[in-house]
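K.L.:
got a predicted structure plus its sequence, pasted below:
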Amino acid sequence: MGNGAGVAVSGVEPQMEMSPETWRRVKVLVAECLEMEKEERTAHLNRVCGEDSELRAEAESLLAFHAEAGEFLEKPAVSLPDGGMRLGPWQLEAEVGHGGMGRIYRASRADGLYEQNAAVKVLRRGMDTDLILRHFQAERQILASLNHPNVARLLDGGVTPDGRPFFVMEFIEGRPLDRYVEDRKPSIGERLRLFQLVCGAVQYAHQRLVVHRDIKPANILVTEDGVPKLVDFGIAKLVNDGNDVTVVSERMLTPAYASPEQLEGEAVTTASDIYSLGVVLYQLLAGQAPFSPGERDRSGEPVVPSTAAGETRAPTGEPLREVLRGDLDNIVLKAMERDPGKRYGSAKEFSDDIQRYLEGRPVAARKPTFSYRAARFVRRNRLLVAAGVVVALALAGGFATTFWQYRQAQAERRQAQQRFDKLRKLANSVINEFHDSIVDVPGTTAARALMLTRALEYLDGLAAEAGDDVALRIELAAAYRRVGDVQGQAGGANLGNRKAAEVSYAKAISTLEEVKGKAAESNQVRAALAKALINSGGDEHTLRAIDLAAGQPELLADAYYARADVLTERGDYEGSLAMRQQDLAIRQQLLAANPGDRRLRGNVALVAKRMGGLLIRLGRLDEAYTKYAAAMELEKKILAEEPLSLGARTAISYSISDIAYIRIQQGRLAEALEGYREVVALREDLFKKDEKNFRARAGLASACWRTADLLIRMGRTAQAILLLDRAMDLMMGGGASVMESFSEKGDLGQLRRVSGQARLTIGQRAEGIALLEQARQDFLALQKRAPGRKEISEQVEEIRKALEAARK
Amino acid sequence: MADHAITELLTRWRGGEAAALDELMPLVYDELRRVADRCLRWENHAHTLQSTALANEAYLRLVKGANVDWESRAHFFGVASRLIRQILVDHARARGAEKRNIGIRVPLEDAADAASEVGVDVLGLDDALASLAQMDAEQGRIVELRFFGGLTIEECAVVTGVSPRTVKREWATARAWLYRELSRKWK
């Protein structure tokens, strides 16, 4: 246990390494307890352990973990539930998938008549086998006659020896459509053509009066050669016929792709398949499905695909939003009309409209208007339009040359002050370029602080020498600002020394205030002052920064960003959201003008996430998810380009964490836990790379804590305690000033409180009480420091009550 | 195929011929490895493949045609369980490297599918199991047989030569200890 300031925490988990002899004693004791009723265990432990508190703690801990272990390891990595079973001529081999309906196996002909692989779907127990089989007999001819290059053929069917229906289908070696697209990243045109093939298959089946009823990416397998194959044609109907209606709606349809009429239990027609095709196309184009997996509500309009695409780019590099806007939006939405009568009349009509789009002709999904036709014209005559753009660029080039000559003249004039400038340059390059080049490199936080301080000393000396040199003063202020950033700017890798940072920021601001009146470089001064105010933060500073930044888009966006932080802290989420919206709009414009700019891309992602965070607080979870998903898309690109960047990894870890939080709010706890596990792993990694970095430490502590909270909520308290211990280690293990930052926010006290209560829950009474007592002391100390804060006195009171209850 | 050789060696080994095991291991390993490699290649373009399927397939190939009785089967799985463990660990390692390179995926899978997965960190389990075996070799073996070999309590008892009740107790405490170890690693 890292124990920075002499705070003793007893009752941490017993050490894991044990001698064989100790382990023998422990396991015998635990095994004995497990064979007893819970009530008898305490007495038994008392009897066997006596004064041996280590043995007891170890046994208690293992008993607690045993209680939470659930199915852990109970399902073997290797089992032969059905594999190896022979069904008629089919020998089942490996299981290749499973879902709500049952399990799917790969199978081969066992009678050796001919070589053929098949997929065998064995339905789960509890269905009306007779009815399913009767319907199967009735429809088998039709289903088996579906013979189309994009439809997986139904070969056989029957009932297993233990009475479960099974279907044998052509085995397709391929990936589900969504995975195929993710892996291969086909262009939009390729996606559309792939989708047209699917339409062809559906059309073929519809003409034979077979409705699929469960069209979704998982049922569209794409082979290595890019040929899509629809699987499970007609199966949904057979299965549904064998179930009563309520079970059907729960099990046999995939809500995210189902049509409104299917969800409402009304008659299912070919139009329902068209709707599902629309949803598939939506996902294929926008990169995400319009509805979340369990969503059944179809009352509202789906988000337009181009909007859902957010900031992602098409494989060709253009903003996806722009590609989808207009025709493709309209095509998708027509297929997804609520009223079946308004959808495309057939899969062929659907496909034909896509064909028109591909050929650049007007599509049926929208009545032509004048501006619509004009836009069409530009698309068809791209070359001509491009020529016009070249002329405009040439004019701009002339301007650039003049500007370059002007810069040259200035440089010559400067040669007079060579020595002075050299020093100054050196200091500045340390502060700017060199610092920037290593800001993201692991383990450099302390080195950067030292480097900046030294450079600052140089500049300070030069500034004194040069007297009134405005430019030098601005550089000096910038240096102060950067030192402040490294010392403790919220949101960057820093040393966690907020107070020192405030002093540096104040110096930057006062240096600039001094020169502000001097007219010559006032624009530059304004900008520098705005930057210092932004990084310093606070109510007045941010308002002033917004004023000063007018006319400088990126600076203004930064000012909005800082202002939004202030509003958020104050609890004005709506206000903050509006501020962030303006911020995002500016940055998106900038990014559109410089699509290759990684920093801009990262910032757009960051602001989108901040908006997501606000939307969570406002309870608008689906919107929040959309923001995060869009941000993460950008972040993944950044990470792919800069795999070593700590910033990129940190950013992604925050996205996953927040998405997990959304999942908790939606009650999807297992998914949330999965996400948090990933976050803890990522941040352990980040922390290992730079243990001096306060933010990495705090980030890991918070990830452990969040995960623990979720585990407690899921009843897995013993597991949670391990993570709470890790968080505590982190808070107390970084030296006195680090521990102070945690305790002054009340984090440490709160963590001890949670941890104490968790221990009480699993019966570690003494440790629980000790931790609660420490938590009480923590909050009492805070109360002394900041008297009158209601939430602190409430904490003190609640902990007192908890202690009272525990001591009874 | 080596089916017959394997069955025969198994019988000889069960009959008390210790050297048969030495001959058996490489044969079984080769076969498992061959199947695993094929499964892993195939994984890139199949629906989905879990380690379960991989091991199932390997077993199937081995026992296909070999008419082994219940006890021989248990012993056979006993031999194979360690190899299966090795293959799954190699597989997980390769997967881990791949995952690190790809980055992070957004959790958007079908909820029903995700819930039915048995998420066990094979690499972590492998480490923890090695530690357990240092404290108690027999217990380590029981876990290997149960989890990697898929043996039932009764089959385990046959292979290890202790009573089913003992297997059950050892299994319970080993499981609790391993669960705690893995919770600690939390990766």
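P.N.:
Alright, I've got the coordinates.

K.L.:
what residues are up against the most centrally placed residue in chain A?
P.N.:
Centroid check for chain A by CA atoms, centre = their mean gives residue A:656 as the closest residue, at 3.3 Å. Residues near residue A:656 by CB atoms under 8 Å, 6 or more residues apart in numbering or on different chains: A:632, A:675, A:678, A:679, A:682, B:104. Quick note: C-beta positions are derived from backbone N, CA and C, even for glycine.

K.L.:
and the pLDDT for residue A:663?
P.N.:
Per-residue confidence at residue A:663 stands at 92 (pLDDT).

K.L.:
how many other residues sit next to it?
P.N.:
Close neighbours of residue A:663, defined as other CB atoms under 10 Å in any protein chain shown, add up to 22.

K.L.:
cool, residue A:795 as well?
P.N.:
For residue A:795, the count of nearby residues is 22 (other CB under 10 Å).

K.L.:
lowest-pLDDT helix or strand in chain B?
P.N.:
Across the helices and strands of chain B, mean confidence by mean pLDDT, DSSP states H and E is lowest for helix B:111-115: a mean of 24.

K.L.:
for whichever helix or strand comes after it, the averaged confidence score.
P.N.:
Sequence order places helix B:122-135 as the next helix or strand after helix B:111-115, per DSSP states H and E. In this model, helix B:122-135 has a mean pLDDT of 90.

K.L.:
what's near enough to touch residue A:217?
P.N.:
Under the criterion of CB under 8 Å, 6+ apart, the contact list for residue A:217 reads A:176, A:177, A:178, A:179, A:280, A:283.

K.L.:
and the second one, what's its pLDDT?
P.N.:
According to the model's per-residue confidence, residue A:177 sits at a pLDDT of 93.

K.L.:
to which secondary structure element type does the residue in the stretch 251-400 of chain A positioned nearest to chain B belong?
P.N.:
Using CB to the nearest CB, the closest approach of the stretch 251-400 of chain A to chain B is made by residue A:293 at 5.0 Å. Under DSSP: H, G, I helix; E, B strand; the rest coil, the three-state class of residue A:293 is coil.

K.L.:
checking residue A:120 next. Helix, strand or coil?
P.N.:
Judged by three-state DSSP, the three-state class of residue A:120 is strand.

K.L.:
what residues go with each domain of chain B?
P.N.:
Domain assignment for chain B by automatic domain parsing gives B:1-112, B:120-187.

K.L.:
least reliable of the ones you listed going by mean pLDDT?
P.N.:
Among those, domain B:1-112 carries the lowest mean pLDDT (a mean of 57).

K.L.:
all strands of the stretch 501-650 of chain A, in order?
P.N.:
In the stretch 501-650 of chain A, no strands are defined using DSSP state E, counting those that start in this stretch.

K.L.:
residues near the residue nearest to residue A:541 when sequence neighbours are not counted, how many?
P.N.:
Among residues not flanking residue A:541 along the chain, residue A:533 sits closest, at 4.2 Å (CB to CB, 6 or more residues apart in numbering or on different chains). Counted by other CB under 10 Å, the residues lying close to residue A:533 total 27.

K.L.:
so how far is residue A:544 from residue A:533?
P.N.:
6 Å (CB to CB, to the nearest Å).

K.L.:
now the helices for the stretch 1-150 of chain A?
P.N.:
Using DSSP state H, counting those that start in this stretch, the helices found in the stretch 1-150 of chain A span residues A:20-34, A:38-49, A:53-68, A:129-145.

K.L.:
I'd like those helices as CSV, with mean neighbour count and distance to residue A:537 appended.
P.N.:
CSV is the format used below for those (neighbours: other CB atoms under 10 Å in any protein chain shown; distance: least, CB to CB, whole Å):
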stretch, mean neighbour count, distance to residue A:537
helix A:20-34, 18, 53
helix A:38-49, 13, 54
helix A:53-68, 21, 43
helix A:129-145, 15, 66
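
K.L.:
which residues does residue A:544 contact?
P.N.:
When contacts are counted by CB under 8 Å, 6+ apart, residue A:544 is found next to A:530, A:533.

K.L.:
okay, it and chain B: tell me how far apart.
P.N.:
39 Å (CB to the nearest CB, to the nearest Å).

K.L.:
and that residue, what pLDDT?
P.N.:
At residue A:544, pLDDT is 90.

K.L.:
again with residue A:296
P.N.:
74.

K.L.:
that one: neighbour count?
P.N.:
There are 14 residues near residue A:296, going by other CB under 10 Å.

K.L.:
need the three-state assignment for it.
P.N.:
Per three-state DSSP, residue A:296 ends up coil.

K.L.:
that one against residue A:255, yeah?
P.N.:
Yes: counting by CB atoms under 8 Å, residue A:255 is a contact partner of residue A:296 at 4.9 Å.

K.L.:
mutual contacts of those two, please.
P.N.:
residue A:263.

K.L.:
could you tell me the least trusted of the helices of the stretch 1-150 of chain A?
P.N.:
Here the lowest mean pLDDT among the helices of the stretch 1-150 of chain A goes to helix A:129-145, at a mean of 70.

K.L.:
in the helix or strand following it, which residues are buried?
P.N.:
Sequence order places strand A:154-159 as the next helix or strand after helix A:129-145, per DSSP H and E. For strand A:154-159, a neighbour-count test (16 or more other CB atoms under 10 Å in any protein chain shown) marks A:154, A:155, A:156, A:157, A:159 as buried.

K.L.:
also stretch A:336-355?
P.N.:
Applying 16+ other CB under 10 Å to stretch A:336-355 flags A:336-337, A:340, A:343-344, A:346-354 as buried.

K.L.:
wait, the residue nearest to residue A:541 sits on residue A:546?
P.N.:
No: Residue A:533 is not in contact with residue A:546 according to CB under 8 Å; the separation is 9.3 Å.

K.L.:
and for those two, which residues touch both?
P.N.:
By the contact definition CB under 8 Å, 6+ apart, residue A:533 and residue A:546 are jointly contacted by residue A:559.

K.L.:
show me the contacts for residue A:541.
P.N.:
A:509, A:533, A:534, A:562.

K.L.:
how far away is it from chain B?
P.N.:
Counting by CB to the nearest CB - residue A:541 and chain B are separated by 36 Å.

K.L.:
same check on residue A:733?
P.N.:
With CB to the nearest CB as the criterion, residue A:733 and chain B are 17 Å apart.

K.L.:
and that residue, how many neighbours?
P.N.:
Neighbour count of residue A:733, defined by other CB under 10 Å: 16.

K.L.:
pLDDT at it, what is it?
P.N.:
87.

K.L.:
ok, residue A:628 next?
P.N.:
93.

K.L.:
ok, now how distant is residue A:635 from residue A:564?
P.N.:
When residue A:635 is compared with residue A:564 (using CB to CB), they lie 20 Å apart.

K.L.:
what about the two, which has more around it?
P.N.:
The neighbour count for residue A:635 versus residue A:564, taken as other CB under 10 Å, is higher for residue A:635 (29 against 26).

K.L.:
tell me who's in contact with the more buried one.
P.N.:
So residue A:635 contacts A:602, A:605, A:648, A:651, A:652, A:655 (CB under 8 Å, 6+ apart).

K.L.:
check contacts around the first one.
P.N.:
Listed by CB under 8 Å, 6+ apart, the contact set of residue A:602 reads A:634, A:635, A:638, A:647, A:648, A:651.

K.L.:
relative to residue A:751, which of the residues you listed is nearest.
P.N.:
Set against residue A:751, the nearest of the contacts of residue A:602 by CB to CB is residue A:651 (25.0 Å).

K.L.:
if I look at the residue nearest to that closest one when sequence neighbours are not counted, how far off is residue A:802?
P.N.:
In space, and not counting its chain neighbours, residue A:651 is closest to residue A:635: 5.1 Å by CB to CB, 6+ apart. When distance is defined by CB to CB, residue A:635 is 41 Å away from residue A:802.
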